[in-house]
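>>> need coordinates for the below:
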Amino acid sequence: MSAQPATFKAGTGGLAHRRWLRPLLVFLAAFAFAWWFLLVRASGSIENTPDFSIFYAAGTPGPVYDARWIGDLVKTPGVRLFAYPPPFLLICRPLALLPFGWAYGLWVAGSATLFVEATGELVDRGAWLVLLNPMVLLSAALGQAALFICG
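Alright, predicted model coming up:
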């Protein structure tokens, strides 16, 4: 009798037996990145997170599709437009109830966690390394919806 060769079974190594650990670690790492960016790089200013600031302003009750109204709330030069469908407001409204720093941190951390978990289904090991991609970091820094939508 010959011994059967060991076969690789996807999802059996590493963190696979602890499905909660990878999302938790990614969430905490992304939240830390968001706070670092907001406090160190953006000087705590809403103007330095142009995309998220529009989501945050749109969460405030008012005429969200009026570019002038959004621009007055965000207080940045140029036209700011909330160009998302009305169901997206279901995400923006709860975030606007929080202080800006906490809302931004939750947005980046939640979006990054969704994105890593979605890519983790494609790449079993090292899915969290996708966070080091420059486009992912840029999307997180600006507070874009790309990570959330792709997740």
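>>> helix or strand right after the least confident helix or strand in the chain by mean pLDDT?
Every helix and strand of the chain was ranked by mean pLDDT, DSSP states H and E. The lowest is helix 67-74, at a mean of 74. Next along the chain after helix 67-74, taking DSSP states H and E as the criterion, comes helix 89-96.
>>> mind giving me the packing neighbours of that next one?
helix 50-58, helix 100-120 (3 or more C-beta pairs under 8 Å, 6 or more residues apart in numbering; DSSP states H and E). Placement of C-beta: from N, CA and C, glycine included.
>>> next one: the longest one to chain centre, how far?
Taking C-alpha atoms, centre = their mean, to the nearest Å, one finds helix 100-120 lying 3 Å from the centre of the chain it belongs to.
>>> what's the angle from that helix to helix 50-58?
Interaxial angle of helix 100-120 relative to helix 50-58 (axes from the mean of the first three to the mean of the last three C-alpha atoms, to 10 degrees): 120 degrees.
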